[in-house]
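Novice: I'd like to go over a predicted model; first the sequence, then the structure.
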Amino acid sequence: MLVKTYASAVFGINATTITVEVNISTGTKYYIVGLPDNAIKESLQRIETAIVSIKMRMPRQKIVVNMAPADIRKEGSAYDLSIAIGILAASGQLINDEISDYIILGELSLDGTIQPIKGALPISIQAKKEGFKGIILPSANAREAAIVSNLAIYGIDSLADVVRFFESKEDFQPTVVDVRQQFIQRMNNYDVDFSDVKGQENIKRALEIAAAGGHNVILIGPPGAGKTMLAKRLPTILPPLTIEESLETTKIHSVSGHLSAMDSLMTVRPFRAPHHTISNVALVGGGTNPQPGEISLAHNGVLFLDELPEFQRAVLEVMRQPLESRSIMISRARFSIEYPASFMLIAAMNPCPCGYYNHPDKECICGTAVVQRYLSKISGPLLDRIDLHVEVTPVEFNELANSRAAEKSEAIRNRVIQARGIQIERFKNSVDMYCNAQMNSSLLREVCHIDDRGKELLKNAMERLSLSARAYDRILKVARTIADMEQSENIQNSHLAEAIHFRSLDRENWAG
C-alpha cells in the first residue's frame, strides 16, 4: 500500500516541502531513496524501535521510502516522524485521510519520544504558503512555528501522541502565540543601560551618531577604558526591531538552532561577540552542512569584535564584501545559499601590544615600529569600511566617583529614532535602504550637498590624511547623519569637521 506524508527541508533560511512516499509490498528489505544522508539512512533502526515501544508492529515486508524531489539532498533526523507515520499508515495500523494535510516533523528517540528540530519558523511560513492545514512537530518548537497566523500548530511529545491525534482518541489544542503582544512586551528587554557608564561623553556621542546612521565603529584605547562596556550597550540605543525585521532575524536563529522553547520571536536586536579564535567559516557561514555564520546571526543587530588585531587576518578580510553588500553567498560545487548579513560592526582594540600607547599616566614599552606593526594587522581596505574611528581615553577618578545620574539609553534612543525617521522618509522610494550608511554613490551625490567652504575643508582633509575615495564617501555619510540629528536640511561645516575628526586611524604618522 502506498501512502504519502509531508515533511520539510531548510536550505539557507527558506524551506522546501518534501514528499515522503512509503510503499509496503512483498519482500523482506528496507530501502530509503531520494538522496538521504547517513542520519536518514539510520532512521529505520530508530523508527522500528520507537514503533515497537508504543506496542505497535513494524512490518516484516519490503518497505520502500522515497523522498521527493529526488534531486535535493535530504539531511538530518527531522524526517523520522514523517517516515514512521507513513509506515504505520501504509501497513494499515493507522487509518486517517487527513495525514496528507499536515507537515509532520521530529526526531524519534528509541522510546518513542520526539526531539526538537531546527528551522521551525521557515518551515511554518512555507507550509502556510502551500496551503497545508497545519504542522505536527516537537513541543519545544511549537511556539516558534505558531508565530505564523492561520496555521494550526500542534506540539507533540511522542509518537504515541501523534497516533492518538490522528485516531482522534484525545483532543489536542493548537498552540497560539499573540505575536504583537509578545513583541510589545519584550521589545525593550535589555539588561544593560548607557546610564551605567560613567563619563566617556565623547564616546557616547560617537555611538549615538553610529546608531542614528547605521555606521560601523572602531574603538581604540587602553585596557579598562570602557570599550567593551560601551559596545555592549549599543543595541539599547538602536531603534526597536520592526515586526518584519523580527521575523527575518528569528528565521536565521531558528535555522541555526539558537532559539529556546520560550524564545518564539526575536524581539531585541541581536548582539554577537565571537572570540578572536573564530574561523572564517564560523564567521561568514558555510561548512559541510551549511549554517549561518556570526555575521548572519548579527543580522539587524550588532557584531562586536573585541581585540580586533588578535583575529586572524584572513578571518577579517572575508568580512569586506558582506560589509558592502549586506549579504553573503555561500557557493559550493552543487549549490549556492545566500544568507542576509546587514549588521553594524563595532570593533575594539588596544593601540599597541602593551595597551598603553598615548596613555596619559602609564608609559608604553612598545617602540614605534612595534606599534605600527600591531596596527598594520588591520588592513587599509577593512578600516576604509569603518566609518567612525574613536579614541577611548581612561575615565578620571572624579568621573567615576561622581554620583550624578548619567543619561539613560531610552533618551538617547528617542533621538536616534527621530534621526532614523528622517532617513526613512528620505529613502522611502529606494529598495532595501533605510539609513545613511546604506547609501549608494548616486544617492550620496543627491542628498549630501556641501558648499564651497565645505569642499575646501574636505579637500584639505583628504590631502593631509591621505584618504581614499571610500573614506571620502564615509565622511559625507557621517556628516549627513550628524545633520539629521540636528534636523538640519544641509550639511554644515561643523558637521563635516566632526565627521573628519572620526577618521583618527587615517592620520599620517598616528603612531609616531
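Specialist: Everything's here; your move. Residues are numbered from 1 along each chain as shown.
Novice: contacts, neighbours, all on C-alpha from now
Specialist: Noted.
Novice: buried residues in the helix or strand harbouring I125?
Specialist: Per DSSP states H and E: I125 is located in helix 120-129. Of the residues in helix 120-129, A120, L121, P122, I123, S124, I125, Q126, A127, K128 count as buried by neighbour count, 16 or more other CA atoms under 10 Å.
Novice: now for that helix, which elements pack on it?
Specialist: Helix 120-129 is packed against strand 2-11, strand 14-25, strand 134-138, helix 142-145, helix 243-255, with contacts defined by 3 or more CA pairs under 8 Å, 6 or more residues apart in numbering; DSSP states H and E.
Novice: now find how far off-centre it is within its chain.
Specialist: In terms of CA atoms, centre = their mean, to the nearest Å, the centre of helix 120-129 is found 19 Å from the chain centre.
Novice: run through who's touching it.
Specialist: 8-10, 13-17, 103, 134-135, 141-142, 144-148, 150-151, 250-251, 254-255 (CA atoms under 8 Å, 6 or more residues apart in numbering).
Novice: ok, 7 Å please
Specialist: Contacts with helix 120-129, where a contact means CA atoms under 7 Å, 6 or more residues apart in numbering, come from S8, I13, N14, A15, N141, E144, A145, V148, L151, K251, S254.
Novice: for the chain, give me the ranges with low pLDDT.
Specialist: 169-170, 261-263, 397, 400-401, 403, 504-512 (pLDDT under 70).
Novice: pick the one among the buried residues of helix 120-129 closest to R186.
Specialist: Nearest to R186 among the buried residues of helix 120-129: L121, at 19.0 Å, using CA to CA.
Novice: count of neighbours near D71?
Specialist: Using other CA atoms under 10 Å, the number of residues around D71 comes to 9.
Novice: what residues does it make contact with?
Specialist: Counted by CA under 7 Å, 6+ apart, D71 has contacts G34, L35.
Novice: start at 440 instead
Specialist: Noted, 440 is the first residue going forward, which turns the last one into D510.
Novice: that one: which element?
Specialist: Under the criterion DSSP H and E, no helix or strand holds D510.
Novice: could you do L483 as well?
Specialist: Element membership of L483 [criterion: DSSP H and E] is helix 482-492.
Novice: for that helix, give me every contacting residue.
Specialist: Contact with helix 482-492 is made by R496, M497, D519, A523, L547, S548, L549, D550, G551, as judged by CA under 7 Å, 6+ apart.
Novice: next SSE after that helix?
Specialist: strand 501-507.
Novice: ok, that next one: who's next to it in the sheet?
Specialist: Paired neighbours of strand 501-507 in the sheet (DSSP bridges): strand 453-464 (antiparallel), strand 469-472 (parallel).
Novice: could I get those as CSV with distance to T667?
Specialist: CSV is the format used below for those (distance: least, CA to CA, whole Å):
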stretch, distance to T667
strand 453-464, 35
strand 469-472, 52
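Novice: so which of these is the most surrounded?
Specialist: The highest average neighbour count among the strands paired with strand 501-507, using mean count of other CA atoms under 10 Å, belongs to strand 453-464 at a mean of 20.
Novice: which of the buried residues of helix 559-568 lies closest to R512?
Specialist: Nearest member of the buried residues of helix 559-568 to R512, counting by CA to CA, is I562, at 16.7 Å.
Novice: L544 versus the closest one, what's the distance?
Specialist: As judged by CA to CA, to the nearest Å, I562 and L544 stand 10 Å apart.
Novice: swap in E864?
Specialist: 43 Å.
Novice: how about the helices in the stretch 740-889 of the chain?
Specialist: Counting by DSSP state H, counting those that start in this stretch, the stretch 740-889 of the chain has helices at residues 752-756, 759-764, 807-814, 819-823, 836-840, 848-865, 880-886.
Novice: single out the most deeply packed of those.
Specialist: Comparing these by mean neighbour count (mean count of other CA under 10 Å), helix 848-865 ranks first with a mean of 18.
Novice: mind checking how far the residue nearest the centre of the chain is from T716?
Specialist: By CA atoms, centre = their mean, the chain has its centre lying nearest to L736, at 2.3 Å. Between L736 and T716 the distance, using CA to CA, works out to 18 Å.
Novice: just C874 next, same as before
Specialist: Counting by CA to CA, the gap from C874 to T716 is 32 Å.
Novice: which one's more surrounded, these two?
Specialist: C874 (23 against 10).
Novice: any idea how far that one is from R759?
Specialist: 19 Å.
Novice: so which elements touch the helix or strand encompassing I592?
Specialist: In the assignment (DSSP H and E), I592 maps to strand 591-595. Applying 3 or more CA pairs under 7 Å, 6 or more residues apart in numbering; DSSP states H and E, one finds that strand 591-595 makes contact with strand 573-577, helix 581-584.
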